[in-house]
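J.: can't give you the sequence, but here's the structure:
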């Protein structure tokens, strides 16, 4: 009985002594020696759709590549490594592409889509060009090409799409030869996607 | 099986050789490279209603191409940024560019000595080619490259294309690059997009 009373008092004393000691905050070492993580870029992320138009200033023969990048929908599902492009392209995109030329032309009427019809050299007018054939989309192709023949100082051209620079140029040459009935030996190409 | 007589064999070979004449294949005509000028991409929203430049550019992007020459500088400021500044360049000392309906003044420098301003030119440009700096009272609003052909450089078109392509990297909201020709001189104008009604006004070469 006495022993248990002593133990009880001893515990109370210990508790009092412990509570009177100053409480020291132990410094915590938060430095876990972890270097900051590198910025991770997802190289496998599919590229957003780009539609590239070729427009032409018939007075100077300058051809502009106008790349229109389209922000993908949040639920867009890539096909392979590419985000599909819209099936319907509103005319405002083509008009905006043509603006790149008209802003730089002495006469806006000189600006046309670079896929030209037969007889363009006699009637160099935008109505004698094909807007939908002057563009290539990144979900189906990688390059856009152009091929031209020269009528005096005017270059008469057509456009082709391909899965390589050579392929796009060959496609453009073939289309130009067929439409113009000429050998279209002035040719070039560039990637649809911006670098 | 009886072997063909040498005579019949010879006749057959003769017929075969005449029936299928060997055509000399004409060589594929060489491709003349066609330059395509890429401009900065345009970013459209998902509904294809609104657009903006895909990358934001500023006057410093232009300055990187022009050794620090940007729109709004005074004639003296532009002059001091040239590799060989001329003496006594100031607004009051400059001649008037009469093709403009308001008080526009200019001075020029030879392209050959312009160092950074001729960067990117990979072929002949013509010894007499030059750059004109055009000012209104509030400062520089246009750089005008004039490519003059000569006997040593009868066609400066590749050099024109080099310069034009260089400035087309800059969006038209920062600097508007324009190419045209006037009286046998190829011109590349780099104009301040805020220069309003002066933008479409072009140089006319009255020398010819």
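T.: Right, received. Where do you want to start? Source: prediction; values computed, not measured.

J.: Quick check, central residue of chain B?
T.: In chain B, the residue lying closest to the centroid (C-alpha atoms, centre = their mean) is residue B:164, at 2.5 Å.

J.: Residue A:67 sits in which helix or strand?
T.: strand A:62-70 (DSSP states H and E).

J.: strands paired with that strand, and their directions?
T.: strand A:50-57 (antiparallel), strand B:36-38 (parallel), strand B:42-44 (parallel) (DSSP bridges).

J.: among these, which is the most enclosed?
T.: Most buried of these, by mean neighbour count (mean count of other C-beta atoms under 10 Å in any protein chain shown): strand A:50-57, with a mean of 27. C-beta here means a position set from N, CA and C on the backbone, and glycine is covered the same way.

J.: Tell me how far it lies from the chain's centre.
T.: 14 Å (C-alpha atoms, centre = their mean, to the nearest Å).

J.: that older thread, and the angle from the next helix or strand after the strand holding residue A:67 to strand A:62-70?
T.: Tracing the chain past strand A:62-70, the next element assigned as helix or strand by DSSP H and E is helix A:91-102. Going by axes from the mean of the first three to the mean of the last three C-alpha atoms, to 10 degrees, helix A:91-102 is angled at 150 degrees with respect to strand A:62-70.

J.: Adjacent strands (with direction) for whichever helix or strand comes after helix A:91-102?
T.: Going down the chain from helix A:91-102, the next helix or strand is strand A:111-113, by DSSP H and E. Next to strand A:111-113 in the sheet, as set by DSSP bridges, lie strand A:50-57 (antiparallel).

J.: follow-up on the earlier one: what's the distance between the residue nearest to the centre of chain B and chain A?
T.: Note on residue B:164: its distance to chain A, by C-beta to the nearest C-beta, to the nearest Å, is 7 Å.

J.: Residue B:186 versus that residue, what's the distance?
T.: 9 Å (C-beta to C-beta, to the nearest Å).

J.: One more: residue A:153?
T.: Taking C-beta to C-beta, one finds residue A:153 at 13 Å from residue B:186.

J.: So what touches the host helix or strand of the residue nearest to the centre of chain B?
T.: Assigned by DSSP H and E, residue B:164 belongs to helix B:157-168. Contact with helix B:157-168 is made by A:62, A:64, B:35, B:37-39, B:65, B:118-126, B:129, B:145, B:147, B:153, B:175, B:177, B:179, B:186, B:188, B:190, as judged by C-beta atoms under 8 Å, 6 or more residues apart in numbering or on different chains.

J.: Could you do stretch B:82-92 as well?
T.: In contact with stretch B:82-92 (C-beta under 8 Å, 6+ apart) are residues B:74-76, B:78-79, B:105, B:107, B:109, B:113-116, B:135, B:137.

J.: which among those residues are in contact with chain A?
T.: Residues of these in contact with chain A (C-beta under 8 Å from any C-beta of the partner chain): none.

J.: and the strand ranked longest in chain B, what's its mean pLDDT?
T.: When chain B is parsed with DSSP state E, its longest strand is strand B:139-147. Taken as a whole, strand B:139-147 carries a mean pLDDT of 97.

J.: If you count neighbours, what's buried in it?
T.: Burial within strand B:139-147, assessed by neighbour count using 16 or more other C-beta atoms under 10 Å in any protein chain shown, is assigned to B:139, B:140, B:141, B:142, B:143, B:144, B:145, B:146, B:147.

J.: now it: how far from the chain's centre is it?
T.: The answer for strand B:139-147 is 13 Å, by C-alpha atoms, centre = their mean.

J.: That strand: partners in the sheet, and parallel or antiparallel?
T.: Applying DSSP bridges, one finds strand B:139-147 paired with strand B:130-136 (antiparallel), strand B:185-191 (antiparallel).

J.: re earlier: could you give the angle of the strand holding residue A:67 to helix B:157-168?
T.: Using the same axes, to 10 degrees: strand A:62-70 against helix B:157-168 is 30 degrees.

J.: And strand A:62-70, what's buried?
T.: For strand A:62-70, by 16+ other C-beta under 10 Å, it's A:62, A:63, A:64, A:65, A:66, A:67, A:68, A:69, A:70.

J.: Nearest to residue A:194, out of these: which one, please.
T.: Comparing the buried residues of strand A:62-70 against residue A:194 with C-beta to C-beta places residue A:67 closest, at 5.1 Å.

J.: mind checking how far the strand holding residue A:67 is from the chain centre?
T.: From the chain centre to the centre of strand A:62-70 is a distance of 11 Å (C-alpha atoms, centre = their mean).

J.: how close does the nearest residue to residue A:160 once chain neighbours are set aside get to residue B:54?
T.: Distances taken as C-beta to C-beta, 6 or more residues apart in numbering or on different chains place residue A:171 nearest to residue A:160, at 2.8 Å, with adjacent residues excluded. Distance, residue A:171 to residue B:54, by C-beta to C-beta: 27 Å.

J.: on that earlier part again, compare residue A:153 and residue B:186 (neighbour count), which wins?
T.: Each of residue A:153 and residue B:186 has its neighbours counted (other C-beta atoms under 10 Å in any protein chain shown); residue B:186 has more, 25 against 9.

J.: quick one: that one and residue B:147 touch, right?
T.: Yes. Between residue B:186 and residue B:147 there is a contact under C-beta atoms under 8 Å: 4.2 Å.
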